[in-house]
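Engineer: Need coordinates for the below:
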Amino acid sequence: MLVGVCRVSLLAPQCHSLKEKRSVVRKVKDRIRARFHISLSEVGAQNTWQRAVLGFAVVGSSRNVVEAQLGDVVAAIDAMGLAQVIADDREVIVYGDGDMGHGSVGAAGQGGAAYGAAHGDRTGQDSWVPSAWLSDDDSDNDAGGKP
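Structural biologist: Predicted coordinates:
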């Protein structure tokens, strides 16, 4: 599983109070939530009048799709005209065991086989998985190796 994380810094020079800034941030969050079905959170610059930092994440199975979703959200925020996007930091990480056929782009969290091995599971597999699912026989998969 690939997780795309983004932190977007916004500048709203028309805001002259925290109340005005909160109104702008609320509009941005509501419109993005309605359009992309994701949640955003204000993660920085909460006590400044004209600056806001928003964070959000997307999940997918393809690096290209995750990167495109991150870019689409940032472009939509910028296109609203409520605030200027002055910076954005994006990162795509592999969460879990990373065995997805996309190559390794990094590791995060305590998921997958690494978690099992570190917590007493010597096989690196989850104990709830039926043994039939753990067989090495991949004859049920198509020629592309995808489930």
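Engineer: can you pull out the helices in the protein?
Structural biologist: With helices called from DSSP state H, the chain shows them at 18-36, 63-80, 112-118.
Engineer: Residue 4 touches residue 60, doesn't it?
Structural biologist: Yes. Counting by Cβ atoms under 8 Å, residue 4 does reach residue 60; the two are 7.3 Å apart. Backbone N, C-alpha and C define where each C-beta goes, glycine included.
Engineer: Give me the mean pLDDT for stretch 12-25.
Structural biologist: Stretch 12-25 shows a mean pLDDT of 91.
Engineer: between residue 4 and residue 60, who's got more neighbours?
Structural biologist: residue 4 (22 against 16; other Cβ atoms under 10 Å).
Engineer: what sits against that one?
Structural biologist: Neighbouring residues of residue 4 by Cβ atoms under 8 Å, 6 or more residues apart in numbering: 57-60, 66-67, 69-70, 90-92.
Engineer: Enumerate the beta-bridge partners assigned to it.
Structural biologist: With DSSP bridges as the criterion, residue 4 is bridged to residue 58, residue 92.
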